[in-house]
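Student: give me a 3D structure for the following:
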Amino acid sequence: MPLRNKLLLSMTIPALLLVLVAVVGISSLRHLEQAAGRILSNNYQSIQEARTMERSLRRLELLALSVHGATEAGTEAEPESLRESFEEALALCESNITEEGEPRVLREIRDGWGRLEPAFLPGTALGAEAGTLVRRESEFLYGKLEELVALNEEAMVSYERDTVRVGRLMVGGVTGVGLLALVALGGFAVVSARRISTPVIEVADRLHRALNPEVNEAGQSKGLDEIERLRSEVNALLQRLAHYEAEQTRKLGHLQERLALVMNKVLEGLVLLDEERRIVALNRVAKTILQLDNGEGLKLSAIEPGRDVRKVLEPMMADPFQEERDLGELRHEVGSVERVYRPRVVTLTSGEGNVEGYLLLFWDVTEQRRLEESQRRFIAMLSHQLKTPMTSLSMSVNLLGERLRELEPAEAELISIATESCKALSGLISELIDAARDVAPGLTLHPRRVDIVRLLRSALHPLVPQAQEQGIDLVLPGSKGPLSAVVDPVKFPWVVTNITGNALRHTGHGGRVEVQVERMGEAVQVSVTDTGAGIAPEDLTRIFRPYVSLDSGTSSETHGLGLAVAKEIVEAHHGSIEAESEPAKGTTFRIRLLADPGSAGSAGTER
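Tutor: Predicted coordinates for the structure are as follows:
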């Protein structure tokens with residue numbers, strides 16, 4: 001229970017006990033007050049009315065038995081008022097019955113008064129017998145009135161005794177409750193003090209052990225009370241926290257200095273923005289690009305950079321801003337040297353996903369663009385260098401085919417394949433020249449429906465002699481029925497030939513390279529599997545990138561374009577290409593294309 005709640009409880013229970021004592025005392029006083037009220041308002045009133053009836057009766061008796069026998073002058077109305085006074089007092093007594101014997105006595109008084117009242121009517125002459133009746137009935141009424149008074153006086157005495165008894169009981173009850181309250185307050189004070197002080201002592205001990213792990217409990221201040229001990233330990237904790245805060249502030253300042261040094265040393269421009277796109281910090285390169293001396297606190301839309309920079313940053317200055325996006329490329333002179341930057345925005349979020357700011361990064365891609373430019377120039381140069389000998393080779397093959405018309409079928413097939421291959425290579429060289437400015441050339445396709453197995457067998461047949469010379473078992477696709485697809489008959493076979501040639505180059509003597517074509521649902525899958533050296537897992541993700549060559553050594557004959565161009569051609573066919581490999585166990589390339597809906601069957605393998 002929190003200390004505050006314990007204190008409130010320690011105040012609430014004594015308050016409740018005091019309220020209980022007050023309630024008992026008030027109820028006792030109210031009881032005594034009611035007892036006194038009953039004595040005054042009930043019995044005393046009955047006694048007073050009985051005395052009123054007695055006085056009225058004595059006066060009427062005196063008037064009735066007067067020796068004059070007639071009413072004195074000026075007293076004609078007195079008997080009437082006396083009778084009314086008696087009647088009124090008797091009626092009040094009948095309506096104020098408080099004791100058990102009162103109804104009987106009042107009933108007898110009412111009967112006696114009924115017998116006696118006619119004697120007091122005006123004009124009534126009393127004889128000797130009537131006078132005797134008045135005296136006898138009057139004496140009877142006097143006796144009953146005294147009996148009524150005695151009943152009420154006895155009741156008053158009884159009420160007085162009850163009041164004294166109740167008062168003593170109430171005094172005893174209040175005294176008992178008061179003593180009980182004092183005892184409870186004392187016990188609760190002891191318990192509350194223990195309940196409150198124990199957690200305080202525990203907290204002080206824990207703080208002491210946490211702040212002084214090498215000191216045992218014997219080293220604690222035993223002479224101090226609980227609150228003093230807690231205050232002492234809290235002060236020690238605050239001193240530790242102040243020291244820790246100062247140390248962390250020093251480390252943070254040192255870290256900020258190192259971070260600022262690193263930011264100013266990197267070649268990229270860095271601009272840190274808050275959620276309202278106000279500049280919080282920026283490094284040296286960013287100041288040069290944005291043409292700012294400081295700029296901290298300015299909104300990005302309020303700065304005035306060069307026209308080229310502002311054009312690139314316009315999407316970020318506008319509202320609403322689309323997060324996580326590239327902003328194009330920017331060419332900017334830094335120190336009289338033109339640099340190429342690629343701005344990018346990174347959104348900084350909190351753990352709850354709320355946007356806390358943005359990082360505007362001017363990524364320096366100058367060297368990358370220079371490399372790409374040199375690679376494009378190399379492709380253009382290589383393409384031009386290949387075009388002339390390729391033209392001569394095509395003419396020679398065609399001339400050879402014209403002169404050797406009477407060859408054997410196998411030789412004639414080789415001449416035909418050589419002619420078609422020369423045409424395909426000439427077309428690829430021409431397109432490489434046209435697309436020398438692009439890293440991944442966008443090749444133009446001329447698709448038509450072909451028998452994919454027959455097409456690939458014809459394209460792969462020239463590789464059979466090479467495989468035989470290397471001692472490799474090259475398995476060509478076989479067909480159990482027509483399996484057609486809509487492909488470019490020149491460029492698609494080049495893809496499979498290129499992959500198969502790579503497989504032959506990376507497979508050792510006694511190995512195996514197998515090309516399969518099969519129908520898989522609505523797709524045609526061409527797979528090239530070898531038992532060669534395989535590809536490392538970290539290289540599988542980059543083999544389709546331009547200029548990535550896995551051949552080692554300076555004498556490599558590849559330039560890393562074959563698989564990149566192959567991927568471009570396959571994707572232009574709306575297909576997909578993927579590779580699976582395990583080092584020292586071989587590699588499998590799978591090409592998937594949409595099948596011709598009218599074709600059916602599957603292809604096997606054939607040597």
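Student: low-confidence stretches in the stretch 451-600 of the chain?
Tutor: Counting by pLDDT under 70, the stretch 451-600 of the chain shows low-confidence ranges at 479-480, 547, 549-561, 597-600.
Student: show me where it has helices.
Tutor: 452-460, 463-470, 491-505, 537-540, 562-572 (DSSP state H, counting those that start in this stretch).
Student: flag every buried residue along the third one.
Tutor: Translated: helix 491-505. Applying a neighbour-count criterion of 16 or more other C-beta atoms under 10 Å, one finds 491-504 buried in helix 491-505. No exception for glycine: its C-beta is placed from N, CA and C like everyone else's.
Student: swap in the last one?
Tutor: Neighbour-count burial for helix 562-572, counted by 16+ other C-beta under 10 Å, picks out 562, 563, 564, 565, 566, 567, 568, 569, 570, 572.
Student: residue 510 is in contact with residue 470, isn't it?
Tutor: No. At 9.5 Å, residue 510 does not count as touching residue 470 under the criterion of C-beta atoms under 8 Å.
Student: pick out whichever of these two has more residues nearby.
Tutor: Using other C-beta atoms under 10 Å as the criterion, residue 510 and residue 470 rank with residue 470 on top: 16 against 10.
Student: residues contacting that one?
Tutor: 504, 507, 509 (C-beta atoms under 8 Å, 6 or more residues apart in numbering).
Student: if we use 7 Å, what do you get?
Tutor: Contacts for residue 470 (C-beta atoms under 7 Å, 6 or more residues apart in numbering) come out as 504, 509.
Student: coming back round to it: do you know which of the helices of the stretch 451-600 of the chain lies nearest residue 372?
Tutor: Residue 372 lies closest to helix 562-572 among those, at 12.8 Å (C-beta to C-beta).
Student: give me the residues contacting that closest one.
Tutor: 440-441, 443, 445, 491-492, 495, 498-499, 502, 543-546, 576-577, 591.
Student: let me see the contact set for residue 425.
Tutor: residue 390.
Student: what spatial separation is found between it and residue 419?
Tutor: 11 Å (C-beta to C-beta, to the nearest Å).
Student: contacts for whichever strand or helix holds residue 82 next, please.
Tutor: Using DSSP states H and E, the element containing residue 82 is helix 78-95. Contact partners of helix 78-95, identified using C-beta under 7 Å, 6+ apart, comprise 46, 49-50, 52-53, 56-57, 59-60, 63, 106, 109-110, 113, 117, 120, 122, 148.
Student: which of these fall within helices?
Tutor: Using DSSP state H, the members of the contacts of helix 78-95 that fall within helices are 46, 49-50, 52-53, 56-57, 59-60, 63, 106, 109-110, 113, 148.
Student: quick check, nearest of these to residue 331?
Tutor: Nearest to residue 331 among the ones in helices among the contacts of helix 78-95 is residue 46, at 123.2 Å by C-beta to C-beta.
Student: hmm, back to that, quick one: buried ones out of the contacts of helix 78-95?
Tutor: Taking 16+ other C-beta under 10 Å as the criterion, what is buried in the contacts of helix 78-95 is 46, 49-50, 52-53, 56-57, 59-60, 63, 106, 109, 113, 120, 148.
Student: which one of the residues you listed is nearest residue 339?
Tutor: Nearest member of these to residue 339, counting by C-beta to C-beta, is residue 46, at 122.3 Å.
Student: and that closest one, how far from residue 57?
Tutor: According to C-beta to C-beta, residue 46 and residue 57 sit 16 Å apart.
Student: now do the SS call for the most centrally placed residue in the chain.
Tutor: In the chain, the C-alpha closest to the average C-alpha coordinate belongs to residue 352, at a distance of 7.2 Å (C-alpha atoms, centre = their mean). Three-state assignment for residue 352 (DSSP: H, G, I helix; E, B strand; the rest coil): coil.
Student: backbone phi and psi for it, please?
Tutor: Dihedral pair for residue 352: phi -90, psi 0, per degrees, to the nearest 10.
Student: mind putting the buried residues of helix 562-572 in CSV, distance to residue 398 included?
Tutor: Below are these laid out as CSV (distance: C-beta to C-beta, whole Å):
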residue, distance to residue 398
562, 26
563, 31
564, 31
565, 26
566, 27
567, 32
568, 29
569, 26
570, 30
572, 29
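Student: what does stretch 411-422 contact?
Tutor: 393, 394, 397, 398, 400, 401, 404, 407, 458, 461, 462.
Student: now those residues in JSON lines, with secondary structure and distance to residue 581?
Tutor: Supplementary listing: these in JSON lines, determined by DSSP: H, G, I helix; E, B strand; the rest coil; distance: C-beta to C-beta, whole Å:
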{"residue": "393", "secondary structure": "helix", "distance to residue 581": "34"}
{"residue": "394", "secondary structure": "helix", "distance to residue 581": "36"}
{"residue": "397", "secondary structure": "helix", "distance to residue 581": "36"}
{"residue": "398", "secondary structure": "helix", "distance to residue 581": "40"}
{"residue": "400", "secondary structure": "helix", "distance to residue 581": "40"}
{"residue": "401", "secondary structure": "helix", "distance to residue 581": "40"}
{"residue": "404", "secondary structure": "coil", "distance to residue 581": "42"}
{"residue": "407", "secondary structure": "coil", "distance to residue 581": "41"}
{"residue": "458", "secondary structure": "helix", "distance to residue 581": "28"}
{"residue": "461", "secondary structure": "coil", "distance to residue 581": "26"}
{"residue": "462", "secondary structure": "coil", "distance to residue 581": "26"}
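Student: of those, buried ones?
Tutor: 393, 394, 397, 458, 461, 462.
Student: and the closest residue to the fifth one other than its chain neighbours, how many neighbours?
Tutor: The spatially closest residue to residue 461, leaving aside those adjacent along the chain, is residue 417, at 5.8 Å (C-beta to C-beta, 6 or more residues apart in numbering). Residues contacting residue 417 under the criterion other C-beta under 10 Å number 16.
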